[in-house]
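**Q** predicted model follows, preceded by the sequence.
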Amino acid sequence: MHIHIIDALSIAFRAYYAHMNHEFSFQGKPTSVIFGFLNTLLTYIQTCNVQHLIIAFDSGGKTIRHDIYDSYKQHRDAAPEDFSEQIHTLRRMLDALGIHSLSLARYEADDIIATIVHHAMKENIPCSIFSSDKDLTQLINSSVKLLRPLGKGADFEVLGVNEVKTKWGVEASQMQDYLALAGDASDNIPGVRGIGKVSAQKLLHQFASLKDIYQNIEKIQSNSIRNKLLQGKDSAWLSNKLVALYNNLDIPFTPLQWSLSCLHTSKAQDLFFEYGITRIFSTFETLQHSFEKEKKNKVSTSKVVETNTALHRSDAYKLIRTQKELDKWIQRITNNDCFAFDTETDSKNAMQASLIGFSIADGSGAACYVPLRGPQGAVFHTKYIQQSLEALFQNPHTTIIGHNIKYDIKVLMRMGIRYLPKKIFDTMVAAWLLDSTRHNYSIDSAAEQHLSYKTIHFHDLEKIVGKKDFNFSEVPLPQACQYAAEDADITYQLYKVFQPLLVKKELNDIFYNLEMPLTLLLSKMEYQGMNLQTGRIRMQSSDLAQYLHTMEKKIYELCGKEFNINSPRQLQDILFNERKLPVIKKTKTGYSTDIDTLRILATHDPLPEHILHYRMLSKLRSTYLEVLPNLIHPITGKIHTTFQQTVTATGRLSSTTPNLQNIPIKSLEGKKIRYAFTPDKDWVFIGADYSQIELVVLAHFSQDETLCAAFRSGQDIHTLTAASIFSQPLEAVSTEHRRIAKAINFGVIYGMSAFRLANELRITRKKAQEFIQAYFSRYSAVQQFRQEIIEEAHTNGYVRTIKGRVRPLPQISSNNHQVRSAQERIALNTIIQGSAADIIKQAMLDIDHILTQEGLQGCLVLQVHDELLAESPQNEALKCKTLLIQSMEHAVPLSVPLRVQASIAKSWGDLYE
DNA sequence: ACTAACTCGTAC
DNA sequence: GACGTACGAGTTAGTT
């Protein structure tokens, strides 16, 4: 690796002055700096074959050097306004491109550069600095070069150790003292009065440093120079201080992230076009493509190298082969207050996986792998492993660190391990909590992001085993140890990084008191599962298959030919070419045939109605009826969903295999599926759901009098909204008005636009705008709250929910109106949706806690955002129901009453009767 | 044969 | 030009 660091303002100023007398603007906005900088940047990247790039910016405003010397750089005029403006835009462009840049308040770009160089040298990574600033020469050494732009063209001058010596006659390491003596007019460094280049050079030839000079000042022969030095002593030391660079700034050193292979031009396109910078943009595009090609070509060769480098660490990872060795490790671990733990299994599905080995890391840098079986068969007796695992988890005060530890816990539960982790630290959840807007929280990507470390990927083991679908027990033990122990080791290291980060970002409370206990609870809920009456499902599916078949025939008959009804493309042809129906809206690739479109077309033609009906039933069959029976666990006979705790950006849970959070309820046919979900024999379901939790949260935050009063009255919220926006008494509200009010209430939660509301209600946009205005004039505090949130989002760059959960809004300051308003809507919605998620999560913990405390057998089985489903023996059901209501209503204190409705039934579907 | 993008529809 | 958050099925076009 070779890191290239660019001193942004040094390059930008050159561009500014170069084009000062030229007209350089687009639609009235000056662009000379942006254009010039990017142009230089591109040439630089291409001629120097730059792979890893970081751009350093001055923070602007007073710096730490002004504290030392108040006339520091005083002679320089303040940066002209059009310059600063362009720098701002430039930085946004770089961000959008995925080119990393850094700045730090009260420090200059030079200090950032010095810090990066400092880190890089520790890791033996060579650097090049691109800047015209002379101060930076002091950083030059055998692995650090300074590249200075020359003249008008794209030429650079490369300054290494030798070049500095010939040019200034001193060692690069002496440049700081050289400038302290000779001064630097361009930076207003005073130096020593009367000492210039020549004397400075002579002095530093004779003496090693400034300190050396003053300690041995009597050795200076020339009286005049000695006097000048004595007279200017203070000035010399001041200059020395001013020229000195700070190399210990608190900035991230993550060179892997600075790779240009992560360029993403698509995000930047709008911004570039906004400033008319099209030619440079297309050059970036070609650059991106070439990087992508290179990446692909590299994969096969580089992976081998990475694997090998990782294998060099083998001394730290211990393969455990005997009981004696394992006992020793357990002994040593049980005295720790925490350790990292990871399982190796034969399946991604925790409910089917069987344990093949496990690894432990205790933080000393050492880690071990305990194989239950390997290519040569069993290594340990299962009975002994069982005991060992129980010994590991016996102490309830030990924190078990894991990456996606819910998986490991479920495997342990299925093994019948009697002691399970009680205190946990899940590094995957921590990574998500710290930045919920990413999409990949795998241990591999976390290691790269937070530790700049490339792990052995599971995929890499294919080469070692020699086939694609292998069982982990087929991996030779030494390599299995490398892979497995590394995961535990990395997990521990991530813990070390995340622990202080959680404190710093004020996420400690939500992490330790909400998310971590929840991880344990979710393990239990998933393990518990739900019964599914497959007979009913299969019956419904086959009935539906038959019905769908007759519908198909009917549709073919109507169209005069057969086609694939499931293909939107083919349907488009029928509707818009053959039947000449009007196009309602377009998609990326053609004309839309979605539900709204078909409903409109149904007024012109009989076909769309049939398609609508067909689609609904076909959806039910393919997505639910044909899938659910296959997900029954062969041993438990139940459906075990997996809750994803680290997916949503708002803090909600999600659910997969199957997704039990989108089982139909609206249509009669769909609802039938819910009847097939049943509790165990002699047990019942208790369902409890919040009424309008999101609007309650909005009332709580906005303190809108009308809205709060509505919830205190306990009346139907949509009817009340209708009454206030249409200025009617409650009794006079028509169903039509209530429908409109309901749409507006939803709209508020999502940050509605008139356009969308008009679409939703099939009214003109003008009419929709009137409704919105009517709403906000009645609920003025809601509007004010929305405004406050947007301001908060702009100043912080993120928003927080009621429990302090963070949602970053990296694009909130975008100049692109669409991007910015999207972020503003997200800001509002996240506070509402995310706070609701916080509340129900807290309720779940409270419920689980009390159930255990009271010795009740009931347990939670499902969460659907604002609804909880519990299972209980019949005779405890009423107690359980009260418990659910109480805990849910009082999970988090709000200034507005939060109501819960609950019922008991023999199936999920029956709860809504 | 496998993948990724797209469209569509289900839930809250 | 899309009011928020998800998951997943099926089709189609592109790559191996």
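**A** Nice, I can see it.

**Q** quick one: contacts for the residue lying closest to residue A:857 once chain neighbours are set aside?
**A** In space, residue A:857 comes closest to residue A:873 once its chain neighbours are excluded; the distance is 5.4 Å by Cβ to Cβ, 6 or more residues apart in numbering. Using the backbone N, CA and C atoms, a C-beta is placed for each residue, glycine as well. By Cβ atoms under 8 Å, 6 or more residues apart in numbering, the contact set of residue A:873 is A:682-684, A:857-858.

**Q** show me which of those are buried.
**A** By the neighbour-count criterion of 16 or more other Cβ atoms under 10 Å, these include these buried positions: A:683-684, A:858.

**Q** give me the subset of those residues lying in strands.
**A** Among the buried ones among the contacts of residue A:873, the ones falling in strands (DSSP state E) are A:683-684.

**Q** turn the buried ones among the contacts of residue A:873 into CSV, columns for distance to residue A:577.
**A** As requested, the buried ones among the contacts of residue A:873 are arranged in CSV below (distance: Cβ to Cβ, whole Å):
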residue, distance to residue A:577
A:683, 57
A:684, 55
A:858, 59
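
**Q** out of the buried ones among the contacts of residue A:873, who's nearest residue A:593?
**A** residue A:684 (43.4 Å; Cβ to Cβ).

**Q** what residues are up against the closest one?
**A** Under the criterion of Cβ under 8 Å, 6+ apart, the contact partners of residue A:684 comprise A:871-874, A:877, A:904-906.

**Q** could you do residue A:888 as well?
**A** Taking Cβ under 8 Å, 6+ apart as the criterion, residue A:888 is in contact with A:688, A:690, A:840, A:843, A:847, A:868, A:898, A:900.

**Q** the second one touches residue A:867, doesn't it?
**A** This points to residue A:690. Yes: using Cβ atoms under 8 Å, residue A:690 makes contact with residue A:867 at a distance of 7.4 Å.

**Q** other residues contacting stretch A:513-524?
**A** The set of residues that contact stretch A:513-524 without belonging to it, under Cβ under 8 Å, 6+ apart, is A:405-406, A:409-410, A:413, A:421-426, A:429, A:433, A:643, A:645, A:653, A:803, A:838, A:841-842, A:844-845, A:848, A:859-860.

**Q** now, of those residues, which are buried?
**A** Taking 16+ other Cβ under 10 Å as the criterion, what is buried in the contacts of stretch A:513-524 is A:405-406, A:409-410, A:413, A:421, A:423-426, A:429, A:433, A:643, A:645, A:653, A:803, A:838, A:841-842, A:844-845, A:848, A:859-860.

**Q** so which residues on chain A come close to DNA strand B?
**A** When proximity is defined as Cβ under 7 Å from any atom of the strand, chain A approaches DNA strand B at A:568, A:587-590, A:592-595, A:597-598, A:612, A:615-616, A:619-620, A:623, A:661-667, A:670, A:864-867.

**Q** next, the residue nearest to residue A:857: phi, psi?
**A** Recorded main-chain torsions at residue A:873 are phi -60, psi 150, according to degrees, to the nearest 10.

**Q** now swap in the one 4 residues further on and tell me
**A** Residue A:877 adopts backbone torsions of phi -60, psi -40, taken as degrees, to the nearest 10.

**Q** quick one: contacts for it?
**A** Applying Cβ under 8 Å, 6+ apart, the residues near residue A:877 are A:684, A:686, A:858, A:904.

**Q** how much space between it and DNA strand C?
**A** In this structure, residue A:877 and DNA strand C are separated by 30 Å, where distance is defined by Cβ to the nearest atom of the strand, to the nearest Å.

**Q** again, but for residue A:238
**A** Here the criterion is Cβ to the nearest atom of the strand. By it, residue A:238 lies 53 Å from DNA strand C.

**Q** again, but for residue A:242
**A** As defined by Cβ to the nearest atom of the strand, residue A:242 lies at a distance of 48 Å from DNA strand C.

**Q** what's the answer for residue A:180, then?
**A** From residue A:180 across to DNA strand C, the span is 54 Å (Cβ to the nearest atom of the strand).

**Q** tell me which helix or strand that residue sits in.
**A** Assigned by DSSP states H and E, residue A:180 belongs to helix A:175-182.

**Q** what secondary structure does residue A:340 sit in?
**A** strand (DSSP: H, G, I helix; E, B strand; the rest coil).

**Q** pretty sure it contacts residue A:489?
**A** Yes: Residue A:340 is in contact with residue A:489 according to Cβ under 8 Å; the separation is 7.3 Å.

**Q** now the common contact residues for these two.
**A** Shared contacts of residue A:340 and residue A:489, defined by Cβ under 8 Å, 6+ apart, comprise A:361, A:367.

**Q** helices along the stretch 101-250 of chain A, start to end?
**A** For the stretch 101-250 of chain A, applying DSSP state H, counting those that start in this stretch gives helices covering A:109-122, A:161-168, A:175-182, A:197-206, A:210-215, A:223-231, A:233-243.

**Q** thought residue A:785 was touching residue A:697?
**A** No: applying Cβ under 8 Å, one finds residue A:785 not in contact with residue A:697, separated by 11.0 Å.

**Q** who's more crowded, these two?
**A** The neighbour comparison of residue A:785 against residue A:697 (other Cβ atoms under 10 Å) goes to residue A:697, with 26 against 20.

**Q** which element is that one on?
**A** Remark: residue A:697 resides in helix A:693-702, with elements defined by DSSP H and E.

**Q** now the element after the lowest-mean-pLDDT helix or strand in chain A, going C-ward?
**A** Sorted by mean pLDDT, DSSP states H and E, the helices and strands of chain A end with helix A:278-311, the least confident at a mean of 56. Scanning forward in sequence from helix A:278-311, with DSSP H and E defining helices and strands, the next element found is strand A:317-319.

**Q** residue A:146: how many residues sit nearby?
**A** Applying other Cβ under 10 Å, we find 28 residues neighbouring residue A:146.

**Q** can you check residue A:582 too?
**A** 11.

**Q** for residue A:893, see how far away residue A:517 is.
**A** When Cβ to Cβ, to the nearest Å is applied, the distance between residue A:517 and residue A:893 equals 19 Å.

**Q** those two: which has the busier surroundings?
**A** Taking neighbours as other Cβ under 10 Å, residue A:517 and residue A:893 compare with residue A:517 leading, 19 against 8.

**Q** point out the ones among the residues of chain A next to DNA strand B that are inside strands.
**A** The subset of the residues of chain A next to DNA strand B that ends up in strands is residue A:867, with DSSP E as the criterion.

**Q** contact partners for the residue in the stretch 101-250 of chain A that DNA strand C sits nearest to?
**A** For the stretch 101-250 of chain A, the residue closest to DNA strand C is residue A:101, as judged by Cβ to the nearest atom of the strand, at 25.8 Å. When contacts are counted by Cβ under 8 Å, 6+ apart, residue A:101 touches A:8, A:54-57, A:91, A:94-95.

**Q** okay, and the beta partners of it?
**A** The bridge-partner assignment for residue A:101, based on DSSP bridges, gives residue A:55.

**Q** and residue A:156, by the same measure?
**A** Checking residue A:156 by DSSP bridges, which sets the bridge assignment, gives partners residue A:149.

**Q** so is the spatially most central residue of chain A in a helix, a strand, or just coil?
**A** The centroid of chain A falls nearest to residue A:438 when counting by Cα atoms, centre = their mean (2.3 Å). Taken by three-state DSSP, the conformation at residue A:438 corresponds to coil.

**Q** tally of neighbours for residue A:878?
**A** 12.

**Q** make that residue A:45, sorry
**A** When neighbours are counted by other Cβ under 10 Å, residue A:45 registers 19.
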